[in-house]
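*Asks:* make a model of this:
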Amino acid sequence: MSEPPPEDPTPEAGPQPAAEREPEPQPEPDDGPPAGTTVSAQEWLERRRSLDDLFADERSSTGTRDLIGQLRADVSDEGTAYQAGRDLHVHRGVARPAVTMHPLTKEKIDDLRLTLVATRSQAETRKLLDEESLVLLGGPAETGKATTALAALLDWGGRASWIIPHGLSVPNPRDWRLEPGHGYLLDLADAPDAVDRVTTNLQRAGADPGCRVVVLVPEYTKSSVAPVVDHDPPPPGEVFARHLAVHAAGLRPDDGDRRLLEEEAAAQSAPWQVVELARQAATALKAGGSVDAMLDRRLSRMRGKVGSDLDRRTPVLGRCFMTSIAVLHGLPESEVSGAALALAERLDERWHRDRATRPVRLWERLPLWLSYVDAEATAAGTGPGGGRVIRLRRPSLAAVMLRVIWEDHPTIRDSLIDWLLWLGGTGSGHTRIKVGHAVGKLATFDFDMVDERFLRVWSRSRSARDHQLAALALEAAAENPSLTRRVHLHLRAMAAGTNPAKAIAIRAYASSVGLSAPGEALAAFRSLVLLGGGRFHEDVAGSVSYLYREATARTVLASLEDWVGLGPAGRRGAALAFVRLVTPIVPGGDRPELSRIETPGPLVTLWRNALAHEERGCLVAPESWPLLLAHWLRHYAERPIVREVTDEVFRLFEGRAAQRALLYLRLWRHQGGVPGELHDHLSRLVSGS
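*Replies:* Residues are numbered from 1 along each chain as shown. Sure thing, here's the model as predicted:
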């Protein structure tokens, strides 16, 4: 779920004769950044590196995760941009479909057939499709259900499409157009409460006798609507052998390597992991590399090594230091060491140990403990006197260490939780990123625990620091494809919850979480703007600015245009957000200039609103005038969209807004900011002459 870094805005000051808007209520002061603060490119890169280190194991698959990765990635930019789960209007008066029918390409069909390992559930599903228009396939997550269903559908009719819903709302089959002779796959494994309703509607309105639909459902699902087939996962050894034969181009490992690979394949818990292993082995064979060296780089072997090192009879302080590295690697040595000592003190208190009898000082064993986790202390790179930082030579070890510490050492969990809460509450901004993402990684092991012990605690706080930690944790948890939908559902509930929970949701949507479902994020922002009483308008504006990218620009503008028509709160929220979008940007990023977007209708509405909307006689967004005159009008001569929008905006001014426009034009003309010809032209438009 990666995205390009945001550009650092560089606004310029200008004349502002209108009064400034009144300040909004602020959260409890601390040194955490306000929610509306624009994320700098440096912070974005730091967060991105942290997520890459922790989730290398979640992203290593190139489309092997039950085909979901490939199919979802192949949805067009338009489909991705219009993931509206509610009543988002992308173009004026044009409704967007709730789902996308994504057909399998010939390449994917050929690959599936070449690598398929037939199972009993596939044969049973295929047989039922001869008589039934709707079949349910149930089983545990990540066991190959989608591959089995698609294989059965292709065997039945030769064509298959994946029905991909947009946003989080459960789709209504009555709105679909299903073609005769075509097979369709719908995944409801994450929406058990919707299975009966959707399948009933499919039977009533969606399932044409000439087509077939297979719905993926959770394990142990019972249905009176359609037959349910229990999925049996394919044997890992057969999956591995089939994929290796296809992808290794005829090359075969020797007997010793083959046994190692078979053992590794048998240790995997999901078919997609076996497929990934086969692809890695094929790459090594074709490159003439060592299979054993390839296996050493895999997380399963790294986990075994970390586990054995933690199980050594090392002092508690050594284990605490390894834990501190897992969370804080890349930060200064003093910070990592201090955090390790703090964790050791918590364990001593819990176990009633005498700290005075501790036989070893941290720095005496530092080289040994660094070697256990393949870490090193290196110069910070900030010049002489910059100190040293602790770095993992293989950053992906951080995720392995966290998993081993959490799953294999349950007796320290309570102390670990207390330590993480303390560390996030007292550390630097760099520490908060590390702690928040580490908690998000723990959520992939036990989301309910993280919700209870971390998210709910932070959701009761008025501290901006705690809100940032919660947002970072949710950002990280969503990196795991199996948790992405759950994170979005959690954020939907938070956006309708208490004020601290709403503040967290606003922050969390200003990340890859919001970019993955901009419609869902904008729908939440819409509700917060309309119902929050102005409290969150500035914060929402900052998050909307983050979502504004090449692929989402028209969606964002259409949403803001919709807000303008929803009363004073909507107009205020739209004005504050729009001036963030108009603010000049650093060239070369993914954030497009407004003057290059051919959407005159929304731009006219949003400019008029920002330039004229008042509260208590004061402009809500007085900075909009300098932005219009100093930056937008700079392109008046060479960009037709700027001329069209500007002329229409000035033509529609009346009353106080018209007087203000003439005042700004005269002031700017006096300062040499507007050419005389353009000044006269715009003044005539305002005056109607």
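*Asks:* when you work out contacts or count neighbours from here on, use the C-alpha atoms and nothing else.
*Replies:* Noted.
*Asks:* using CSV, write down the CA coordinates of stretch 264-274.
*Replies:* Extracted C-alpha coordinates of stretch 264-274, given in CSV (Å, rounded to 0.1, in the frame of the first residue of the first chain):
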residue,chain,number,x,y,z
GLU,A,264,10.4,-25.5,3.8
ALA,A,265,7.3,-25.9,1.7
ALA,A,266,5.8,-28.3,4.3
ALA,A,267,6.3,-25.7,7.0
GLN,A,268,4.2,-23.0,5.2
SER,A,269,0.7,-22.4,6.4
ALA,A,270,-0.9,-21.1,3.2
PRO,A,271,-0.8,-22.0,-0.5
TRP,A,272,0.3,-18.5,-1.5
GLN,A,273,3.4,-18.8,0.8
VAL,A,274,4.3,-22.1,-1.0
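*Asks:* against which helices or strands is the longest helix seen in the chain packed?
*Replies:* Of all the elements of type helix in the chain, the one with the most residues (DSSP state H) is helix 333-351. Identification of packing neighbours for helix 333-351 by 3 or more C-alpha pairs under 8 Å, 6 or more residues apart in numbering; DSSP states H and E yields helix 316-328, strand 388-392, helix 413-426.
*Asks:* got the contact list for it?
*Replies:* For helix 333-351, contacts defined as C-alpha atoms under 8 Å, 6 or more residues apart in numbering pick out 316-317, 320-325, 328-329, 354-355, 362, 377, 387-390, 412, 415-416, 419, 423.
*Asks:* buried set for it?
*Replies:* 333, 335-337, 339-348 (16 or more other C-alpha atoms under 10 Å).
*Asks:* pLDDT on that helix, on average?
*Replies:* Averaged over helix 333-351, pLDDT sits at 86.
*Asks:* which non-adjacent residue is nearest residue 674?
*Replies:* Residue nearest to residue 674 in three dimensions, not counting chain neighbours: residue 668, with 5.9 Å by C-alpha to C-alpha, 6 or more residues apart in numbering.
*Asks:* so how many other residues sit close to the one you found?
*Replies:* Each residue near residue 668 was counted by other C-alpha atoms under 10 Å, and the total is 19.
*Asks:* cool, and the one 5 residues further on?
*Replies:* Around residue 673 sit 18 other residues, with neighbours defined as other C-alpha under 10 Å.
*Asks:* once you drop chain neighbours, what's closest to it?
*Replies:* Nearest one to residue 673, counting by C-alpha to C-alpha, 6+ apart, is residue 630 at 6.8 Å.
*Asks:* thinking residue 472 is in contact with residue 441, fair?
*Replies:* No - contact status for residue 472 versus residue 441: not in contact, 10.5 Å apart, counting by C-alpha atoms under 8 Å.
*Asks:* mind listing what residue 237 touches?
*Replies:* Residues 262, 265, 266 are the ones in contact with residue 237 under the rule C-alpha under 8 Å, 6+ apart.
*Asks:* any of the residues you listed buried? List them.
*Replies:* Neighbour-count burial (16+ other C-alpha under 10 Å) applied to those gives 262, 265.
*Asks:* any chance of the contacts of residue 237 in a markdown table, plus distance to residue 53, secondary structure and pLDDT?
*Replies:* As requested, the contacts of residue 237 are arranged in a markdown table below (distance: C-alpha to C-alpha, whole Å; DSSP: H, G, I helix; E, B strand; the rest coil; pLDDT from 0 to 100):
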| residue | distance to residue 53 | secondary structure | pLDDT |
| --- | --- | --- | --- |
| 262 | 27 | helix | 85 |
| 265 | 24 | helix | 85 |
| 266 | 26 | helix | 84 |
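*Asks:* so which of the contacts of residue 237 is the closest to residue 102?
*Replies:* In terms of C-alpha to C-alpha, no member of the contacts of residue 237 lies closer to residue 102 than residue 265, at 31.1 Å.
*Asks:* disregarding residues adjacent in the polypeptide, which is nearest to the closest one?
*Replies:* Per C-alpha to C-alpha, 6+ apart, closest to residue 265 is residue 274, 5.6 Å.
*Asks:* likewise for residue 460?
*Replies:* residue 500 (6.4 Å).
*Asks:* residue 573 now?
*Replies:* Leaving aside its chain neighbours, residue 573 sits nearest to residue 537 (5.4 Å; criterion: C-alpha to C-alpha, 6+ apart).
*Asks:* how much space between that neighbour and residue 679?
*Replies:* With distances defined as C-alpha to C-alpha, to the nearest Å, the gap from residue 537 to residue 679 amounts to 33 Å.
*Asks:* before we move on, what about residue 511?
*Replies:* 41 Å.
*Asks:* and the two? which has more neighbours close in?
*Replies:* More neighbours sit around residue 511 than around the other of residue 511 and residue 679, counting by other C-alpha under 10 Å; the figures are 24 against 16.
*Asks:* thinking the more buried one is in contact with residue 475, fair?
*Replies:* Yes - under the contact definition of C-alpha under 8 Å, residue 511 touches residue 475, with a separation of 6.7 Å.
*Asks:* what residues of stretch 411-423 count as buried?
*Replies:* Within stretch 411-423, the residues that qualify as buried are 412, 415, 416, 419, 420, 421, 423, counting by 16+ other C-alpha under 10 Å.
*Asks:* residue contacts, the residue nearest to residue 573?
*Replies:* The contact partners of residue 537, taken as C-alpha under 8 Å, 6+ apart, are 528, 529, 572, 573, 576.
*Asks:* one step back: just the buried residues of the contacts of helix 333-351.
*Replies:* Neighbour-count burial within these applies to 316-317, 320-325, 328-329, 362, 377, 388-390, 412, 415-416, 419, 423; the criterion is 16+ other C-alpha under 10 Å.
*Asks:* what residues are up against residue 405?
*Replies:* Residue 405 neighbours (C-alpha under 8 Å, 6+ apart): residue 323.
*Asks:* can you tell me the element it falls in?
*Replies:* In this assignment (DSSP states H and E), residue 405 forms part of helix 397-408.
*Asks:* in that helix, what's buried?
*Replies:* Within helix 397-408, the residues that qualify as buried are 397, 398, 399, 400, 401, 402, 403, 404, 405, 406, counting by 16+ other C-alpha under 10 Å.
*Asks:* how does the chain divide into domains?
*Replies:* Taking automatic domain parsing as the criterion, the chain consists of the domains 1-29+553-689, 68-103+118-230, 236-297, 306-408.
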